[in-house]
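Student: the sequence and its predicted three-dimensional model are supplied below.
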Amino acid sequence: LPSNYDKKDLAFYQQYTSVRHRYLLFADKELTENIELPKLRKELNESYDALTRGHGLLNSNTNKQRILKDEAFGLTMLASLDRKEGEHFVKADILTQSLVQKQEAFHTANPLEALAKSLNDKGKVDMEFIAAATDSTEEEAITALGNHIYLNPLNNEWETADQLLSGNVVSKWRIATEVVNKNSENAQLLRSLQALEKVQPEKIPFELLDFNLGERWIPLDYYNRFASHIFELNTEVTYFASVDTFKVKVSSSNAKIDQEYAVQPKDGRRMFGDKLLEHALENTTPFFSYEVDVGDKTIRVPDNDAIQLGHQKVETIRSNFVEWLKELPEADKTELVNLYNDTFNCYVLREYDGSHLQFPNLDKRRLGIDDLYSSQKNSVWRIIQNRGALIDHEVGLGKTLTMVVASYEMKRLGVANKPMILALK
């Protein structure tokens, strides 16, 4: 330290470095080990008391100047060992009490509060925890929670209703059906199956489907059959997913390949039907160019006539595909309908139902409201379950109150110690 060579400060710095060493050791161990260390706290207090008896409080003007010469830890020591109370400095909390947070048992008469605590502390529906928190048996807790929780047939674990009844509900329903058939006596699994049945999306019929040649969800067999139909030749279509590219291979050639679905550009290099089908599958237009002499140079210019003709023939192939699909047997149409609905029309967005929230200690009368909007309650429940959320509501829908109430509820339930609200400027 700079003042070690000043004899009048030497005694101070000898004691100060002892206090600093003990503080840094104690603070590090208590923070990393998260246990109470009374012996180290006692030793720190003894060093602190010895220093202040001989030289006064750390934050006195003279001592503050001395300590701030310790550029590495001086400011930390001044802020950590003293705190201001009124006009005077007193010992900081770290010297008088343990700063290790004690986990107290959670108790509530409201099973939904216990559910929220379980979700945020454990990340799942823990029926043993909920039963203990509400002083009830697991069976009683399950009954009390009602339709807020369901037994997942896939893993036989409890989940919230908004979790089970969202996502790929078609796949969940199929799994639930298989499980219930094997465990028909399980009332909870049957209840889950019935709930999943109610949220199944309505199937989109064949007539309302918008088909496009080259869509990756359509099996290649349909493209093979269509290509063989329009070319009147055995044709094989291959899809390379790694490069998202189609390749078409024909067994031989005929007038369909060489003329009807071909393009003859000005440069003489004909594009045959199989290559044109590849463009149709990838929804692209072939590009043609030819050489022209300009002065003493030869340049290539677009062959607009061939490009236009190629585009027309690509669109003809694509429209022919839609018409060909309409003439398919009913069995094929049913297969496509099922495949489309199982692939795309099978998801349900997760919804958060906060209608059960009661908000104890919220003085609604002073706020001039009878109750929060349902959208606000749902947002609060979403924040509690997810430990945060983006509240992107329109002006006037109560974003501020939603965030304040959610912050209070998270703190009341022990979900967060210091909830933070961030607002974009």
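Tutor: Right, received. Where do you want to start?

Student: can you list the buried residues in the helix or strand encompassing His311?
Tutor: His311 belongs to helix 304-326 when assigned by DSSP states H and E. By neighbour count with 16 or more other C-beta atoms under 10 Å, helix 304-326 contains the buried residues Ala306, Ile307, Leu309, Gly310, Lys313, Val314, Ile317, Arg318, Asn320, Phe321, Trp324, Leu325. The way it works is simple: take the backbone N, C-alpha and C, and place the C-beta from them, glycine included.

Student: now the element after that helix, going C-ward?
Tutor: Remark: after helix 304-326, the chain's next helix or strand is helix 330-343, criterion DSSP H and E.

Student: who are the packing partners of that following helix?
Tutor: Contact here means 3 or more C-beta pairs under 8 Å, 6 or more residues apart in numbering; DSSP states H and E; on that basis helix 330-343 packs against helix 169-182.

Student: who touches the closest residue to Tyr340 other than its chain neighbours in this structure?
Tutor: Closest residue to Tyr340 apart from its sequence neighbours, by C-beta to C-beta, 6 or more residues apart in numbering: Leu209 at 5.9 Å. The contact partners of Leu209, taken as C-beta atoms under 8 Å, 6 or more residues apart in numbering, are Leu336, Val337, Tyr340.

Student: next helix or strand past the host helix or strand of Leu25?
Tutor: Using DSSP H and E, Leu25 sits in helix 7-33. Of the helices and strands lying after helix 7-33 in sequence (DSSP H and E), the nearest is helix 38-55.

Student: okay, the angle between that next one and helix 7-33?
Tutor: Angle, helix 38-55 to helix 7-33, by axes from the mean of the first three to the mean of the last three C-alpha atoms, to 10 degrees: 160 degrees.

Student: give me the buried positions along helix 38-55.
Tutor: By 16+ other C-beta under 10 Å, the buried positions in helix 38-55 come out as Leu40, Arg41, Leu44, Asn45, Ser47, Tyr48, Leu51, Thr52, His55.

Student: how about the helices in the stretch 151-300 of the chain?
Tutor: Per DSSP state H, counting those that start in this stretch, the stretch 151-300 of the chain carries helices over the ranges 161-164, 169-182, 187-198, 220-231, 255, 273-282.

Student: and those as JSON lines, adding distance to Leu145, mean pLDDT and mean neighbour count?
Tutor: Formatted as JSON lines, the helices of the stretch 151-300 of the chain follow (distance: least, C-beta to C-beta, whole Å; pLDDT from 0 to 100; neighbours: other C-beta atoms under 10 Å):
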{"stretch": "helix 161-164", "distance to Leu145": "9", "mean pLDDT": "90", "mean neighbour count": "19"}
{"stretch": "helix 169-182", "distance to Leu145": "19", "mean pLDDT": "94", "mean neighbour count": "17"}
{"stretch": "helix 187-198", "distance to Leu145": "12", "mean pLDDT": "94", "mean neighbour count": "16"}
{"stretch": "helix 220-231", "distance to Leu145": "48", "mean pLDDT": "96", "mean neighbour count": "18"}
{"stretch": "helix 255", "distance to Leu145": "71", "mean pLDDT": "94", "mean neighbour count": "12"}
{"stretch": "helix 273-282", "distance to Leu145": "52", "mean pLDDT": "96", "mean neighbour count": "22"}
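
Student: closest to Glu140 out of those?
Tutor: Nearest of these to Glu140, taken as C-beta to C-beta: helix 187-198 at 14.3 Å.

Student: does the closest one pack against any helices or strands, and if so which?
Tutor: strand 149-152, helix 161-164, helix 169-182.

Student: C-alpha coordinates for it, PDB please?
Tutor: Presented in PDB, the C-alpha positions along helix 187-198 are these (Å, rounded to 0.1, in the frame of the first residue of the first chain):
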ATOM      1  CA  ALA A 187     -59.400 -43.200 -14.500                       C
ATOM      2  CA  GLN A 188     -56.700 -40.500 -14.700                       C
ATOM      3  CA  LEU A 189     -55.400 -41.700 -18.000                       C
ATOM      4  CA  LEU A 190     -58.900 -41.900 -19.400                       C
ATOM      5  CA  ARG A 191     -59.500 -38.300 -18.200                       C
ATOM      6  CA  SER A 192     -56.300 -37.200 -20.100                       C
ATOM      7  CA  LEU A 193     -57.500 -39.000 -23.200                       C
ATOM      8  CA  GLN A 194     -60.900 -37.300 -23.100                       C
ATOM      9  CA  ALA A 195     -59.200 -33.900 -22.600                       C
ATOM     10  CA  LEU A 196     -57.000 -34.500 -25.600                       C
ATOM     11  CA  GLU A 197     -59.900 -35.500 -27.700                       C
ATOM     12  CA  LYS A 198     -61.600 -32.200 -27.100                       C
END
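
Student: list of residues touching the helix holding His311?
Tutor: 211-213, 222, 226, 229-230, 261, 263-266, 271, 276-277, 279-280, 283-288, 333, 336.

Student: which of the three states applies to Lys84?
Tutor: Secondary structure, DSSP: H, G, I helix; E, B strand; the rest coil: Lys84 is strand.
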